[in-house]
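**Q** Sharing a sequence plus its predicted fold:
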Amino acid sequence: MNIQEIYEMFLLEQEYRNNSQVTIDWYKWQLGDFFRWLGSDDPSDLSLLHFKQYGVYLRSLRKHNGDKLSGNSVNGALRAVKAFYNFAIDSDYLDDFSRQLKLPRVHKKEQLILDDDEIRQLLGCFTDNPTDLRNKCFVVLMLDCGLRRGEIPRLNFGDVNLKNNTLLVRGKGSKQRIVPIGDSCSDILTSYISDGLHHNSAEPFFVDYRSLSRCTDNLMKQVFQDLKVRSGIERLHPHLLRHTFATHYLADGGDLETLRLILGHSNIQTTQMYLHLAFNLKLSRSHFHSHLDLLNHDTFL
């Protein structure tokens, strides 16, 4: 069996597991890049050496702006290759060296969430026209509920319960979760649908006003590119809003397990990254009690 045949079996396995089309397309994209780099259809070339050499190659690549790929981008590509290797090992197409397939260490940068002034600055970008009101809903759903960019276009009218202030969200792997929304978010969503029309529960909640069809991921990307310019916040991107929500949730007294459920994380370790951010936020909010200041105060009285 050659690599192409193993790859086809791998994709069949992803469909069998009922993985989302987004996940399957991601594997196709990442593995396509790897196979082009490998330049071979011989399974014996699916070696640990080539796995590591591919990682080194990825770190040498440059983006259009001249920057190197981030550590997270490199690891994302290697995770797809690792999943393919492990499938080939589990299917007895390769000898078992799975314990040696380790991802490189990523040097994490401190996440800088939006501060209160930046949040006001961002929300102040919008006018009352229908397109801006829809786009404001995008922003508020990320800031107030921690939704992912890809989860917002999937919302239907039947998923939005403004009576109970909850959303039914379809997350990664078609997993569903209930997410609470605040009164401010509820008011903005109410304004968005204040046309007085009855909507079928299966209709998309957000539509592209040009095509009158469901909003797409590409439209969401375009909205945020525009908002980056309009707001003047250069580092603005959808996941930054999700980080901002999660950090404020913990800093304001929320518990980690509830946050995990709201964000749709599979394990608590992923959610724990926000503990450090929340601690830093609480520290910046509080008055620092310097023992040296107290000593100086007593000395000079």
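**A** Nice, I can see it. Numbering: from 1, shown residues only.

**Q** Every contact and neighbour count from this point should use C-alpha atoms.
**A** Noted.

**Q** Which parts of the stretch 51-200 of the chain are strands?
**A** Assigned by DSSP state E, counting those that start in this stretch, the strands in the stretch 51-200 of the chain fall at 160-161, 166-170, 176-180.

**Q** And stretch 166-184, end to end?
**A** Using C-alpha to C-alpha, to the nearest Å, the end-to-end distance of stretch 166-184 comes to 13 Å.

**Q** For it, which residues meet the burial criterion?
**A** 166-172, 179, 181 (16 or more other C-alpha atoms under 10 Å).

**Q** neighbours of S201, just the number please.
**A** Neighbours of S201 under the rule other C-alpha atoms under 10 Å: 12.

**Q** T23 now?
**A** The burial count for T23: 14, using other C-alpha under 10 Å.

**Q** Which one of the strands of the stretch 51-200 of the chain lies nearest to P238?
**A** Of all these, it is strand 166-170 that lies closest to P238, at 16.5 Å by C-alpha to C-alpha.

**Q** elements contacting the longest helix along the chain?
**A** Ordering each helix of the chain by length in residues (DSSP state H) puts helix 71-90 first. Contacts defined by 3 or more C-alpha pairs under 8 Å, 6 or more residues apart in numbering; DSSP states H and E place helix 71-90 against helix 3-16, helix 21-38, helix 48-60.

**Q** quick revisit: will you turn the strands of the stretch 51-200 of the chain into a markdown table that also has mean pLDDT?
**A** Below are the strands of the stretch 51-200 of the chain laid out as a markdown table (pLDDT from 0 to 100):
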| stretch | mean pLDDT |
| --- | --- |
| strand 160-161 | 94 |
| strand 166-170 | 93 |
| strand 176-180 | 93 |
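
**Q** what stretches of the stretch 51-200 of the chain score poorly on pLDDT?
**A** 65, 106-111, 173, 195-198 (pLDDT under 70).

**Q** where do the helices sit along it?
**A** Using DSSP state H, counting those that start in this stretch, the helices of the stretch 51-200 of the chain run over 71-90, 116-123, 130-145, 183-192.

**Q** Could you check the angle the second one makes with helix 130-145?
**A** If I follow you right, that is helix 116-123. 150 degrees (axes from the mean of the first three to the mean of the last three C-alpha atoms, to 10 degrees).

**Q** outside of helix 116-123, which residues touch it?
**A** 136, 227, 231, 233 (C-alpha atoms under 8 Å, 6 or more residues apart in numbering).

**Q** out of these, who has the most neighbours?
**A** Neighbour max across the contacts of helix 116-123 (other C-alpha under 10 Å) = K136, 23 neighbours.

**Q** Can I get the helices and strands packed on helix 71-90 in a markdown table including distance to Y274?
**A** Formatted as a markdown table, the helices and strands packed on helix 71-90 follow (distance: least, C-alpha to C-alpha, whole Å):
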| stretch | distance to Y274 |
| --- | --- |
| helix 3-16 | 31 |
| helix 21-38 | 25 |
| helix 48-60 | 27 |
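
**Q** Nearest to F245, out of the ones you listed?
**A** helix 21-38 (24.6 Å).

**Q** how distant is that closest one from the center of its chain?
**A** Chain-centre distance of helix 21-38: 19 Å, with C-alpha atoms, centre = their mean, to the nearest Å.

**Q** got it, and stretch 24-43?
**A** Its chain's C-alpha centre and that of stretch 24-43 lie 24 Å apart, by C-alpha atoms, centre = their mean.

**Q** What are the buried residues along that stretch?
**A** Buried-residue list, stretch 24-43, by 16+ other C-alpha under 10 Å: 24, 27, 30-31, 34-35, 38, 43.

**Q** what's the answer for stretch 82-96, then?
**A** Across stretch 82-96, burial judged by 16+ other C-alpha under 10 Å covers 82-88, 93-94.

**Q** And the contacts of it?
**A** With C-alpha under 8 Å, 6+ apart as the test, stretch 82-96 has contacts from 1, 6-7, 10, 43-44, 46, 97-98, 101.

**Q** just the buried members of those residues?
**A** Among the contacts of stretch 82-96, those buried by neighbour count (16+ other C-alpha under 10 Å) are 6-7, 10, 43, 46, 98, 101.
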